[in-house]
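1. what's the 3D shape of this:
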Amino acid sequence: MRLKIRAGEVECGVELYEEWAPETVRAIVNSLPIKSTASRWGMRFTSPRML
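-> Numbering: from 1, shown residues only. Model prediction:
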């Protein structure tokens with residue numbers, strides 16, 4: 001499964017391998033969209049569903 005990650009003007013692609021970690025991939029997909037804010041000292045993620 002391929003996903004796009006966007007941060008402002010920057011975009012990159014990632015690939016999730018369901019055959020390697022099916023439960024993890026399902027949890028990520030079920031939690032989309034995931035939004036975050038970043039600062040110089042780290043990142044903070046929010047999701048409508050707790051993982």
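2. From here on, just use CA atoms for contacts and neighbour counts.
-> Noted.
3. quick one: the helices in this structure?
-> Counting by DSSP state H, residue ranges of the helices within the chain are 22-31.
4. Next, name the residue at the spatial heart of it.
-> What sits nearest the mean C-alpha location of the chain, by Cα atoms, centre = their mean, is Ile34, with 5.7 Å.
5. so who does Tyr17 touch?
-> Listed by Cα atoms under 8 Å, 6 or more residues apart in numbering, the contact partners of Tyr17 are 1, 25.
6. cool, and Arg2?
-> Contacts for Arg2 were tallied using Cα under 8 Å, 6+ apart; they are 13-16.
7. can we see that at 10 Å?
-> Shown here is Arg2, whose contacts under the criterion Cα atoms under 10 Å, 6 or more residues apart in numbering are 13-17.
8. Which of these are buried, as a ChimeraX select command?
-> Only the buried entries of the contacts of Arg2 go into this ChimeraX selection, using 16 or more other Cα atoms under 10 Å:
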select :16
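9. can you give me the offset of stretch 12-26 from its chain's centre?
-> The chain centre lies 10 Å from the centre of stretch 12-26; the measure is Cα atoms, centre = their mean, to the nearest Å.
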